[in-house]
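[1] Build me a model:
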Amino acid sequence: MSKDNRYIIRRTLSQERFEVLWKKRSNGQATLKDLTEMDEIINRDAGVRQFVLEEMEGKDDLNDNNDMPNMLQQPTVSHQSITAKIKAFFNRLFNIIAANHKLTSANL
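    Below is the predicted model of the structure:
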């Protein structure tokens, strides 16, 4: 054994398959069947499950700082007064009448 390869990494076939599926998912090429297979491997293999949990924990720390203010911000709702609603109604009505008048005069 050489000095560079002191430790033999023991991996199961499901761990090898998971690595392939993980790379496909990272590249955005995974199908639903691939994701289902990956889910089954995660549920079956404790080592893979631990890897996924560590990856998720690392990504949550990065995303929490950026997305949290946006998620907490409440959408603003503008309330119109009754006069503004009436004015908007008549503007729409006028635009519909004007559009119909243009269509009928164009057809003549």
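
[2] the bottom helix or strand of the chain by mean pLDDT?
    helix 46-72 (a mean of 69; mean pLDDT, DSSP states H and E).

[3] how about the helices of the protein, start to end?
    13-27, 32-44, 46-72, 82-107 (DSSP state H).

[4] What mean pLDDT does the first one get?
    Confidence for helix 13-27, expressed as mean pLDDT, is 89.

[5] same thing with the last one?
    Across helix 82-107, pLDDT averages out at 86.

[6] quick one: buried residues of that helix?
    Going by neighbour count (16 or more other Cβ atoms under 10 Å), nothing in helix 82-107 comes out as buried. Using the backbone N, CA and C atoms, a C-beta is placed for each residue, glycine as well.

[7] any idea how far it is from the chain center?
    Counting by Cα atoms, centre = their mean, to the nearest Å, helix 82-107 is centred 41 Å from the centre of its parent chain.

[8] name the helices or strands packed onto that helix?
    Helices and strands touching helix 82-107, by 3 or more Cβ pairs under 8 Å, 6 or more residues apart in numbering; DSSP states H and E: there are none.

[9] Please report how far N95 lies from I82.
    21 Å (Cβ to Cβ, to the nearest Å).

[10] ok, now G47?
    According to Cβ to Cβ, G47 and I82 sit 66 Å apart.
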